[in-house]
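>>> let me see the structure of the following:
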Amino acid sequence: MSWEQDVRLTNNPAASQTTSITVSGSNVHVLFVDNRTGTYQLYYKRSTNEGISWEADIQLSSSSGGGVSGPSLKVSGSFVHVFWHDFRDGSYPEIYYKRSTDGGLTWGADIRLTNAPASSISPSCGVSGSVVHVVWGDNRDGTYQVYYKYSADAGVNWDVDTKLSNSIMTTSLIASLTVLGSNVHVVWHDNRDGNNEIYYKRSTNGGISWGTDTRLTYDPANSLSPCVEVSGSNVHIVWYDNRDGNNEIYYKLSTDKGLNWGTDTRLTNDTSLSRKPFISISNSILNVVWDDNRDGNMEIYYKRNPTGNPIGIVPINSEIPKEYKLMQNYPNPFNPVTKINFDIAKTGFVSIIIYDALGREVETLVNEVQSVGSYNVAFNGANLSGGVYFCRMQSDGFSDVKKLVLLK
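Okay, here's the model as predicted:
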C-alpha cells in the first residue's frame with residue numbers, strides 16, 4: 001500500500017483548519033473553517049473527479065458570534081449533511097446542522113440540535129439511507145462525555161440526546177462516528193488511564209444498544225482527535241499523537257468490523273505540527289486530510305492511498321454485458337462466505353446491499369461508480385446469526401433481489 005504526494009487545498013493569508021471529508025462516487029466533499037472574513041466561519045469545497053482537481057470554496061456559515069468549529073459532513077445520494085458548533089446563542093457552544101438536497105449546490109437553513117446549559121462541541125455524523133446519526137462532546141454532567149442522537153427522516157426531525165460514555169472524573173472528547181447498515185462505530189479520546197488514548201465502541205443494532213469500550217492506542221504520548229470510517233468489514237481510523245516528539249498523523253485498520261485491529265502506521269513525517277486528521281473512502285482509495293503548518297501558516301493538506309481499502313469486487317471476464325443482472329449467490333445455503341456475481345451494462349453508480357428478514361441493512365457490498373463488466377463480490381456472514389437474508393442490487397433504474405440462506 002502506497003500513498004501519493006500531499007496536495008494543498010487552501011491558499012489565503014488566513015488560518016484554514018479543522019477539516020472533514022466524505023466521498024460519494026467520484027465526488028469528494030471537504031468541509032473546514034477559516035477566518036478570512038475576520039471571524040472563523042464554515043467553508044465547503046468539492047472535487048467531482050476523485051480528488052484530482054477541486055472547485056472553489058463556498059462559505060456556509062455567517063455566525064455573528066464567530067467561534068465556528070468542529071465541522072463534520074456525510075453524503076447519502078444527493079443529500080449532503082453538515083454539522084458544526086458555534087457560539088451564536090450565548091456563552092456556550094451548541095451543535096448546529098444544515099443540509100443540501102442537491103449534492104452541495106444549494107443549502108438549507110441552520111438547525112440548532114442541542115439546548116443544554118453546557119458546552120456541546122465537535123460533532124461527528126454518519127448516514128445510512130435516510131437515518132442520520134451524530135455524536136458530540138458535552139459537559140452537562142460536569143465532565144465532557146460523548147453524546148449521541150439520530151434522525152430517521154434525513155435530518156427533518158431528531159430524537160432525544162443519549163449519553164454514550166461514562167468515564168467518571170475523566171474527559172471523553174473529540175468523538176467520531178461512522179455507520180454501515182445497522183453497524184454504528186464510534187471512536188474518541190479520553191484520559192481515564194492517566195493519558196489521552198483512543199477508545200472505540202460499536203452498536204450492531206442501529207444505535208439501540210452498545211458494546212463495551214475498547215482501547216486502541218498504547219504509548220506514553222497523548223493520542224488525540226481520532227476519526228473513523230467503514231467500508232464492508234474494513235474499519236479505518238486516523239488520529240494524531242506525539243510519540244516521536246512531534247505531532248504526526250497515524251492510522252490503523254480492522255478487517256473484521258472492529259473486533260481486531262492491526263498495527264499503527266505513521267502517515268506524516270516533518271518537523272511541523274500535523275493534527276486533526278479526517279479520513280474518507282472512495283472504492284479502494286483512502287482519502288485523508290489534516291491541518292499542517294509546515295509552510296509557516298496552518299493550511300489543509302491531503303493525501304491518498306489508492307489501494308488502502310481492500311474491496312471484494314473482482315472482474316470475472318472481459319465480455320461486455322448487454323443487460324444488468326444479479327445472479328443467485330453460490331453456494332446457497334452458505335456458511336459463512338458466499339459469492340455473488342453481477343453484470344453492469346453501463347458505467348454508473350451501483351448499490352448492492354444485504355438486508356435481514358426484517359428489512360434492516362446488514363452490510364453494503366457495493367456502493368460506488370462501477371465500470372461496464374461482469375464481477376463477483378464476496379459476502380461474509382461470520383458475525384451474523386443464521387437465517388434468511390436478501391441481496392438487493394440497484395443501478396440506472398435496474399433493481400433485483402435474491403434470497404440468501406445462512407446456515408449455522
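
>>> from Asp270, how far off is Gly373?
Counting by Cβ to Cβ, to the nearest Å, the gap from Gly373 to Asp270 is 41 Å. C-betas here are computed from N, CA, C, even on glycine.

>>> neighbour count winner among the two?
Taking neighbours as other Cβ atoms under 10 Å, Gly373 and Asp270 compare with Gly373 leading, 18 against 12.

>>> contacting residues around the more buried one?
Neighbouring residues of Gly373 by Cβ atoms under 8 Å, 6 or more residues apart in numbering: Pro315, Asn317, Ser318, Ile320, Pro321, Asp343, Ile344.

>>> just checking, which of those residues belong to strands?
Residues of the contacts of Gly373 located in strands (DSSP state E): Pro315, Asn317, Asp343, Ile344.

>>> and of those, the nearest to Ala357?
Asp343 (26.8 Å; Cβ to Cβ).

>>> wait, isn't that closest one in contact with Pro321?
Yes: Asp343 lies in contact with Pro321 (Cβ atoms under 8 Å); the separation is 3.7 Å.

>>> who touches both of the two?
Joint contacts of Asp343 and Pro321 (Cβ under 8 Å, 6+ apart) are Gly373, Ser374.

>>> what's the nearest residue to Trp188 if we skip its chain neighbours?
Distances taken as Cβ to Cβ, 6 or more residues apart in numbering place Ala175 nearest to Trp188, at 4.0 Å, with adjacent residues excluded.

>>> what pairs with the helix or strand containing that neighbour, parallel or antiparallel?
Assigned by DSSP states H and E, Ala175 falls within strand 172-180. Applying DSSP bridges, strand 172-180 is found paired with strand 183-190 (antiparallel).

>>> next one: the strand it pairs with to chain centre, how far?
Remark: strand 183-190 is offset 11 Å from the chain centroid, using Cα atoms, centre = their mean, to the nearest Å.

>>> beyond it, next helix or strand please.
strand 197-203.

>>> from Pro226, how far off is Pro336?
Distance from Pro336 to Pro226, by Cβ to Cβ: 30 Å.

>>> repeat for Asp213
13 Å.

>>> the more surrounded of these two?
Pro226 (28 against 18).

>>> helix, strand, or coil at the more buried one?
strand (DSSP: H, G, I helix; E, B strand; the rest coil).

>>> might one say that it is in contact with His189?
Yes: counting by Cβ under 8 Å, Pro226 does reach His189; the two are 6.2 Å apart.
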